[in-house]
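> Fold the following and give me the result.
(3 chains)
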Amino acid sequence: MSETALQGYLALSALIFTLGGVGIMVRRSPLIMLMCVELMWSGAALALITFARHVGNMDGHIFAFFVMIVAAAEVAIGLALIVVLFRRREEVDADDIQQLRG
Amino acid sequence: MNAALLIAGAIAVAGGLGVVIGRTPVHNVVSLIVSFIGLAVLYLTLDAEFIAIVQIIVYAGAIMVLFLFVIALLTTRRDPVQNRKPEPSGQTFFGIVTAAAVLMFLVGGVLGLEAPGGEGIDETFGQVAAFGRELLTTHVFPFEIAAFVLLVAVVGVVILVGRKQA
Amino acid sequence: MPMQSAPVLALIIALPLLGALLAAWNRNTWSRRAIAISSSTMVFGAFVATVIALIQLSGAEGQVLGFELVRWGPWGDIDLSLGLLGDPISLWWSIVVTGVGFLIHVYSAGYMKDDPGFGRYFAKLNYFVFAMSLLVLADNYIFVLIGWANVGVASFMLIGFWNYKPEAASAAMKAFIMNAIGEVGLILANVLIFVNFGTFKFDGVFNQVSGVSTEVLTAIGLLLLVAAVAKSAQLPLHTWLPDAMQGPTAVSALIHAATMVTAGVYLVTRSHPIYLGSETAMQAVAWVGGLSALFGALVALRQTDIKRVLAFSTMSQVGYMMLAAGVGAYTAAMFHFMTHAFFKALLFLAAGIIIHYLNGEQDLRKMGGLGRKMPAVYWMSLIGVVAIAGIPPLAGFFSKEEILHAVHAEGLTFLYFLGIVVGGMTAFYMFRLFALTFAGESYEERAQQTAYRSGKKNRRTEQAQEAVHHPAGPEMLIPVGVLTVLSVIGGWISIPGLTSVPQNFLGTALGRYTEWHAHAMSYGPELILILAIAIAGAALALYQYGPQGAWRRIEIESAEKRSTGLLATGFYLDSVYQTLVVRPVLGISGFIANWTEPKVVDGAVNGLARLVQITGDTLRRWHAGLVRRYALVVFVGVAGVLAYVLLMF
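Numbers count the residues shown, from 1 in each chain, chains lettered A, B, ... in the order given. Here you go, the predicted model:
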């Protein structure tokens, strides 16, 4: 794998990661924030798989796989939380949830 | 390979932008699926066949369907947020600036990377058999733990959602 | 020095402490009689214990008595055994402290009869006897320090006994603060002693004196002298003593005349091996003593308050003792301590009876004519006055003559003549006091005469006529009588050529400086000089202050005025201290209170608080509970870490 290609893949993973980050910081819907988290996971997984290919070792794949597992668990719980929130009120805004206010 | 990187990468980024910008939840989910498909293609170009398949089946398939279920269950309206509250001051601006800074640093770091020609790979790299051998020999303990994490997640979801409302 | 264990020593300090606790605990429940009996019995028990210790000492064949109370250590090389010591010096002081202390307890039962703080008073008085016994019986400098501080506290509490009187409260504070100066000296001396000798025990220290340089001995001696000067009211730290007369008169008799103020003399006597190793320290002690004797006598000449006369007289007499200690005549110093305790306690107690009789009047100019009304007190006072004036065959003559003799033998001619002159002045001011108090017409009679002459009665006259007098009961008269007897015979234990009890008794503890009396009679001319000056002083006072005396009339006519002048104000030393010490300290305190405190300290504190507040206010905005804000903060952190990693590596 050439240096250019490696840099391209990694830059792409960084771009996807930051896109997800922007989404979390800018959007107010918890649902979309959760999706943006998925996006960030994916960016990280891409970097892992790129390095696995570059090094020729499959440990990166294993790690990406675990990322997916954890992401699945996280989505399940996150969606459950969102469902609970929606049950409590008509509309959900992440800014309404302020119980951690200092 | 570079062409594939560019096209698939463009699809993935476009999907990601759609997630961030989209105003209708269903649109967001579809954008995310598009992004995931683009990523799966990228995985394929990286000889990660098994991961690419899992990406399609688990992520784009199962998880996104879960999202769609929730959206269908809760609301079909547009983005439920009606901007009842003002944005916290400077949140959007600083968010984008900070993300840009992070991106800049990451890309800067990547471009500064010195990685002369990677290792060669053998025939089985990225295939299910090799993956399975790795997973169930070297990483069997994390595997067990992951299974337990999923179990905890299931139990947690049941407790959270299945509880009668107070 | 070989030592014989004597548990009876512990009783001497334990009984008064027990009495103090009993009186303090039961002060509101027991009757006054019960408290007085319990407290006096305890002190009497201590006296008996001292006598028993004396008997044991006489049978100990050269050994001294000791009793270990506490043992600290051993820690490495340090092994501190703290206990009590019953050598001739200790027991000499102890017998006077407990003996005179007992008499004054009995006297107090009558003197304080009507005071609401009766139980409190006896608790404090017993506590004082405990502390003083601990001080004189200590076998190490640690216990000396503890006793020293405790007698200071007892003195503080008893001077300020009538704490509702602002003068008493401030006098107590003054005494305490000036004694603190001395305590600093004592503590520093203790530090030096331990550094140089490695022990606090007297015998351990004194055995090693020859191995220590003269400079160190001088330093220790001078520091101990600072302590002694403060406690014994010597120049220049004496100003607390006249003010201390705000306390009950019985307290003045016990603490501020007979025992506590002589603690400085005890300290110097006890530490005599250190002083004998340093000529400088000896000279300092002698000069401080001599000048204090002169100063006290000078100021006493013009005082109008009966107790202040006695206070300055005490300062002067303690000055004699210091002078004796300063020339190495420790036997003479301790002999004079004992006789002085007798006749000064007698004079104070007699003054107490007079004040009691006159309902608290202490001004000499408003007394007079009391000789006819209270003949017993008249005669007993006369004996006390003659004793202190140094006229044979009463106690004061022998002890004072012994001191002067020692000073002369040591070759300090100036101090010798100074001592003789002070003797004359002593006779003068004591007979002045005596004449103004007992002779002539009483204040009421004079007031009546004035009223008849002017043909009208003013309010003061009526008051004087209506005054109800409080005659003294037997519990007050008997102790004074005992002290009178002691003042007469106290000196006979050391008549040159006949008896020499102090020399024989104390000689074992003091070594070479006990032989003065072998020469006493060879100074016949000086003896005559001393006597002549004393008698001249007495005669002058009797002539000028007698019923028809000229100076008496002058003083009485100025009775309503505040006396001023060099002598009456004690050479303005109080004012000088006020200006040189108190004002600057108050000024600095005021500056600190009014500027440093609000501006610097509060400023710093408030500034810190404001800083925290501003920081918190700023940071609070980042903790609005908004998940997205937290995400932003995390991202800022990520950017920061990345920047650090990229720029640093």
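
> Now do the helices in the stretch 1-150 of chain C.
C:8-25, C:32-58, C:88-111, C:118-137, C:141-159 (DSSP state H, counting those that start in this stretch).

> With mean neighbour count and distance to residue A:82 as added columns, please give these in CSV.
For every residue, glycine as well, the C-beta is placed using N, CA and C. What follows is the helices of the stretch 1-150 of chain C, written out as CSV (neighbours: other CB atoms under 10 Å in any protein chain shown; distance: least, CB to CB, whole Å):
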stretch, mean neighbour count, distance to residue A:82
helix C:8-25, 22, 75
helix C:32-58, 20, 84
helix C:88-111, 26, 90
helix C:118-137, 27, 78
helix C:141-159, 22, 75
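
> Out of those helices, the one nearest chain A is which?
If you check each of the helices of the stretch 1-150 of chain C against chain A by CB to the nearest CB, helix C:141-159 wins as the nearest, at 53.7 Å.

> if we can go back for a sec, how about the helices of the stretch 1-150 of chain C in JSON lines, adding distance to chain A?
Shown next, in JSON lines, are the helices of the stretch 1-150 of chain C (distance: least, CB to the nearest CB, whole Å):
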{"stretch": "helix C:8-25", "distance to chain A": "56"}
{"stretch": "helix C:32-58", "distance to chain A": "65"}
{"stretch": "helix C:88-111", "distance to chain A": "69"}
{"stretch": "helix C:118-137", "distance to chain A": "57"}
{"stretch": "helix C:141-159", "distance to chain A": "54"}
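
> Check residue B:118 and give its pLDDT.
For residue B:118, the pLDDT comes out at 68.

> now swap in the one 4 residues further on and tell me
As predicted, residue B:122 sits at a pLDDT of 78.

> Please apply the same query to residue A:13.
93.

> Remind me which helix or strand it belongs to.
In the assignment (DSSP states H and E), residue A:13 maps to helix A:3-26.

> Okay, buried residues for that helix please.
The neighbour-count check on helix A:3-26 (16 or more other CB atoms under 10 Å in any protein chain shown) flags A:5-26 as buried.

> of these, list those near chain B.
With CB under 8 Å from any CB of the partner chain as the criterion, these include A:5-12, A:14-23, A:25-26 near chain B.

> among those residues, which are in reach of chain C?
Contacts with chain C within these, as defined by CB under 8 Å from any CB: A:21, A:25-26.

> In contact with the closest residue to residue C:351 other than its chain neighbours, which residues?
Using CB to CB, 6 or more residues apart in numbering or on different chains and skipping residues adjacent in sequence, the residue nearest residue C:351 is residue C:306, 5.1 Å away. For residue C:306, the contact set (CB atoms under 8 Å, 6 or more residues apart in numbering or on different chains) comprises C:351, C:354-355, C:362-364, C:367, C:433, C:437.

> Can you tell me which of the residues you listed is nearest chain A?
Here the nearest of those to chain A, counting by CB to the nearest CB, is residue C:362; it sits at 71.5 Å.

> Tell me which residues touch the closest one, please.
Listed by CB under 8 Å, 6+ apart, the contact set of residue C:362 reads C:305-307, C:355.

> What separation do you get for it and residue C:173?
Distance, residue C:362 to residue C:173, using CB to CB, to the nearest Å: 21 Å.

> Okay, now the unreliable bits of the chain?
Just going to use chain A. A:89-92, A:98-102 (pLDDT under 70).

> wait, I meant chain C there
Low-confidence regions of chain C, defined here as pLDDT under 70, cover residues C:1-2, C:443-444, C:447, C:450-469, C:495-502, C:504, C:507-524, C:559-571, C:622-623.

> what residues does it put near chain B?
In this structure, chain C approaches chain B at residues C:624, C:626, C:628-629, C:631-632, C:635-636, C:638-639, C:642-643, C:645-646, judged by CB under 8 Å from any CB.

> just the helices in chain B please.
Counting by DSSP state H, the segments of chain B that form helices are B:2-21, B:25-45, B:49-54, B:64-74, B:91-111, B:128-136, B:140-162.

> tell me the mean pLDDT over the fifth one?
In other words, helix B:91-111. For helix B:91-111, the per-residue pLDDT values average out at 87.

> what angle separates that helix from helix A:3-26?
In this structure, helix B:91-111 runs at an angle of 160 degrees to helix A:3-26, with axes from the mean of the first three to the mean of the last three CA atoms, to 10 degrees as the basis.

> Let me know how buried the nearest residue to residue C:327 once chain neighbours are set aside is, in neighbour terms.
Residue nearest to residue C:327 in three dimensions, not counting chain neighbours: residue C:410, with 4.1 Å by CB to CB, 6+ apart. A total of 19 residues lie near residue C:410 under the criterion other CB atoms under 10 Å in any protein chain shown.
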